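> sequence and predicted model, in that order:
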Amino acid sequence: MDKMQLGVIFGSRSCEHEVSVISALQMIKAADPERYTIVPIYISMSGEWYTGEPLLDIRTYQHFDPFMKGITRVWLDSASGTGALMTVDPPKGIFRGEKQRLVARLDCVIPVLHGMHGEDGTLQGMLEMCNIPYASSGVAASAVGMDKTYMKDFFKGCGFPVLDSCRALRSQWETDSVAVIKKIEETLTYPVFVKPASLGSSIGVTKAKNFGELHEGLELAFAFDRKVLIEQGLENPLELNCSVLGYNDDVTASAIEMPILGGDLLSFMDKYLQGGKSATKGMASLKRILPAPIEPELKDRIQALSIEIFKRMDCKGVVRIDYMYDTPADALYITEINTIPGSLAFYLWNEDGVKYTDLIDRMVGYALKAHEEKNDSNYAFSSSILKEASLGAKHGAKQP
């Protein structure tokens, strides 16, 4: 039986570019070589696409050279269903032009991108247009999951528990920063957390306990995003994370972890740079207690709520949902959903006896199932509208 050509797309124009590289190389190493021919597809910080054997070595990214032997610049054919990864070979003679060449024909794609231009629905939309199966949540769930303000509104609309918050735009901040802070102070009480709306990995996130810290936090957040979420803080909450895997009604929640915070919040350094070189392990290097030492009742609440969130957002593949738990009040709050979590949350599934290799197989299976269902839908509705249309008509396509 021929092996599946499995594209792994990573990198991209994102503040989490390097984290994506680590997550992708972890995943590639764990994939079953008997089932898949891995096609690494690296998107550079400037947006070019590359493939080639050197991309499997993390040292390649320390000083990335697009002209390194074995690296080929490519693009994805946009024609529906071809799955063609193409390149252009330079002319070999004075009178010969460039020649397009097929590099690989992708059967399925696993996006391993974190942040903008990959986790936010943009790549998912491209793969939908190309009609290629892919192992992440779809366009809508990815977009909602990336923007913390949309996410909050969605969760509130579903009746899910979230902390009070407000938001501000960079244009408002630049026009009248005092008015922005006044509105925040009228809405929330200190401490508050200031978060760029569309970033992850705690980049640009600060905790503010007073006016001065809030001003500094907003300045930092607006450097990364035009929209900022300001969220009510809690005193000494427990942070608890749960992964969910599945598609449609075939959904399972993982073991629950309790990350060990390095301070008032879990920083980028805490998540990815514990122990220096252990950064190559991505989120798997984070200090955590797994399984979390919580009561069975709270564990059941978190797992049930995580599955409900996954289903209501119509997610696919593997996600991670982060929570804050206020112990004195016995109150559980959703912090965020990560539709492509760091290290694909494989370490949470290891705790339940699911090897990373098996996790990848399940993700691919769900991608193929979703693709099959999509192609079962009817896109060939016919009408006589074009036969009856006139370019000289006074009305547009929609008439009263």
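Okay, I see it. Numbers count the residues shown, from 1 in each chain.

> output the lowest mean pLDDT helix or strand found in the chain.
Within the chain, confidence by mean pLDDT, DSSP states H and E is lowest for helix 268-272 among all helices and strands, at a mean of 46.

> can you pull out the helices in this structure?
Along the chain, counting by DSSP state H, helices occupy 17-30, 122-130, 139-146, 148-157, 170-175, 177-187, 211-224, 268-272, 296-312, 346-350, 356-376, 385-388.

> got a list of contacts for the longest one?
Among residues not part of helix 356-376, those counted as contacts by Cβ atoms under 8 Å, 6 or more residues apart in numbering are 4, 6, 26-27, 30-32, 35-36, 108-110, 131-135, 138, 245-248, 250, 316-318, 344, 346, 349-350, 354. Every residue, glycine included, has its C-beta placed from N, CA and C.

> show me what counts as buried in it.
Within helix 356-376, the residues scored as buried using 16 or more other Cβ atoms under 10 Å are 356, 359-368, 370-371.

> dump the residues you listed into CSV; add pLDDT as well.
What follows is those, written out as CSV (pLDDT from 0 to 100):
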residue, pLDDT
356, 98
359, 98
360, 98
361, 98
362, 98
363, 98
364, 98
365, 98
366, 98
367, 98
368, 98
370, 98
371, 97
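
> JSON lines for the residues you listed, including distance to residue 224?
Converted to JSON lines, the buried residues of helix 356-376 look like this (distance: Cβ to Cβ, whole Å):
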{"residue": "356", "distance to residue 224": "31"}
{"residue": "359", "distance to residue 224": "31"}
{"residue": "360", "distance to residue 224": "31"}
{"residue": "361", "distance to residue 224": "36"}
{"residue": "362", "distance to residue 224": "34"}
{"residue": "363", "distance to residue 224": "30"}
{"residue": "364", "distance to residue 224": "33"}
{"residue": "365", "distance to residue 224": "36"}
{"residue": "366", "distance to residue 224": "32"}
{"residue": "367", "distance to residue 224": "31"}
{"residue": "368", "distance to residue 224": "36"}
{"residue": "370", "distance to residue 224": "32"}
{"residue": "371", "distance to residue 224": "34"}
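
> from the contacts of helix 356-376, which land in strands?
Members of these lying in strands (criterion: DSSP state E): 4, 6, 36, 108, 109, 110, 245, 246, 247, 250, 317, 318.

> report how many residues lie close to residue 176.
Counted by other Cβ atoms under 10 Å, the residues lying close to residue 176 total 11.

> same check on residue 296?
For residue 296, the count of nearby residues is 7 (other Cβ under 10 Å).

> same check on the one 5 residues further on?
Around residue 301 there are 16 other residues, counting by other Cβ under 10 Å.

> and for residue 121?
Residues near residue 121, counting by other Cβ under 10 Å: 22.

> so how far is residue 139 from it?
Distance of residue 121 to residue 139, computed by Cβ to Cβ, to the nearest Å: 4 Å.

> is it true that residue 339 touches residue 143?
No: counting by Cβ atoms under 8 Å, residue 339 does not reach residue 143; the two are 9.3 Å apart.

> so which of these two has more stuff around it?
residue 339 (28 against 20).

> still on that earlier bit, least confident of the helices of the chain, on average?
Least confidently modelled of the helices of the chain is helix 268-272, at a mean of 46 by mean pLDDT.

> picking that back up, restricted to buried residues, select the ones in strands among the contacts of helix 356-376 in PyMOL.
Selecting the buried subset of the ones in strands among the contacts of helix 356-376 in PyMOL, with 16+ other Cβ under 10 Å as the burial test, is done by:
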select buried, resi 4+6+36+108+109+110+245+246+247+317+318
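
> now, which of the ones in strands among the contacts of helix 356-376 sits nearest residue 214?
residue 318 (35.4 Å; Cβ to Cβ).

> ok, what's across the strand from the closest one?
Beta-bridge pairing for residue 318 (DSSP bridges): residue 245.

> quick one: residues contacting it.
243, 244, 245, 341, 344, 345, 349, 359, 363.

> any chance of these in CSV, plus distance to residue 81?
Shown next, in CSV, are the contacts of residue 318 (distance: Cβ to Cβ, whole Å):
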residue, distance to residue 81
243, 31
244, 30
245, 27
341, 29
344, 26
345, 31
349, 31
359, 27
363, 21
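
> what's the closest of those to residue 191?
residue 341 (26.2 Å).

> what about the closest one, how many residues nearby?
Neighbourhood size, residue 341 [other Cβ under 10 Å]: 25.

> quick check: phi and psi at it.
Phi and psi for residue 341, reported as degrees, to the nearest 10, are phi -70, psi 150.

> who's in contact with it?
Residues in contact with residue 341 (Cβ under 8 Å, 6+ apart) are 243, 283, 318, 319, 320.

> contacting residues for the first one?
Right, residue 243. Applying Cβ under 8 Å, 6+ apart to residue 243 gives the contacts 253, 254, 306, 318, 319, 320, 321, 341, 345, 348, 349.

> same deal with the last one?
With contacts defined as Cβ under 8 Å, 6+ apart, the neighbours of residue 320 are 241, 242, 243, 244, 337, 338, 341, 342, 345, 348.

> pick out the one among those with the largest number of neighbours.
Result: residue 348 is most packed of those (other Cβ under 10 Å), 29 neighbours.

> and that residue, how far from residue 144?
Computed as Cβ to Cβ, the residue 348 to residue 144 distance reads 22 Å.
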